[in-house]
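A.B. asks: Sequence plus the predicted model coming up.
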Amino acid sequence: MQELLNMVRYAAVFYLLEQMVLNLLPGKMYERYVRFYLGLLMVLLLLQPVFKVFRLVEQMDAAALVQELEREVERVP
């Protein structure tokens, strides 16, 4: 229950910051691009609990480490 409450808090704070950034833009020229990237960040923020439940962060870190080690092995003559 606490995780859900924290997620809602983070989402609310992020939304307020998003609106502040959008209001600080000097013109409407880049507004759709800023909205797009802020939306992507919001999706990542909302997916963090899912990543924690399935331990996806650790799995992605391990996969990245294996790939890096494989690259290093290929470089060794």
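C.D. replies: Received the coordinates, thanks.
A.B. asks: Please make it C-alpha for all contacts and neighbour counts, starting now.
C.D. replies: OK.
A.B. asks: tell me the centre residue of this protein?
C.D. replies: Centroid-nearest residue in the chain: residue 44, 3.6 Å away (criterion: CA atoms, centre = their mean).
A.B. asks: Tell me the confidence at that residue?
C.D. replies: Looking at residue 44, its pLDDT reads 87.
A.B. asks: Check the spacing between it and residue 67 real quick.
C.D. replies: Separation of residue 44 from residue 67 (CA to CA, to the nearest Å): 24 Å.
A.B. asks: Residue 5 now?
C.D. replies: Distance from residue 5 to residue 67, by CA to CA: 37 Å.
A.B. asks: one step back: what separates the helix or strand encompassing the residue nearest to the centre of the chain from the chain centre, distance-wise?
C.D. replies: Using DSSP states H and E, residue 44 sits in helix 31-53. On the basis of CA atoms, centre = their mean, to the nearest Å, helix 31-53 sits 5 Å off its chain's mean C-alpha point.
A.B. asks: and whichever helix or strand comes after it, average pLDDT?
C.D. replies: Downstream of helix 31-53, the next assigned helix or strand under DSSP H and E is helix 56-75. Averaging pLDDT along helix 56-75 gives 86.
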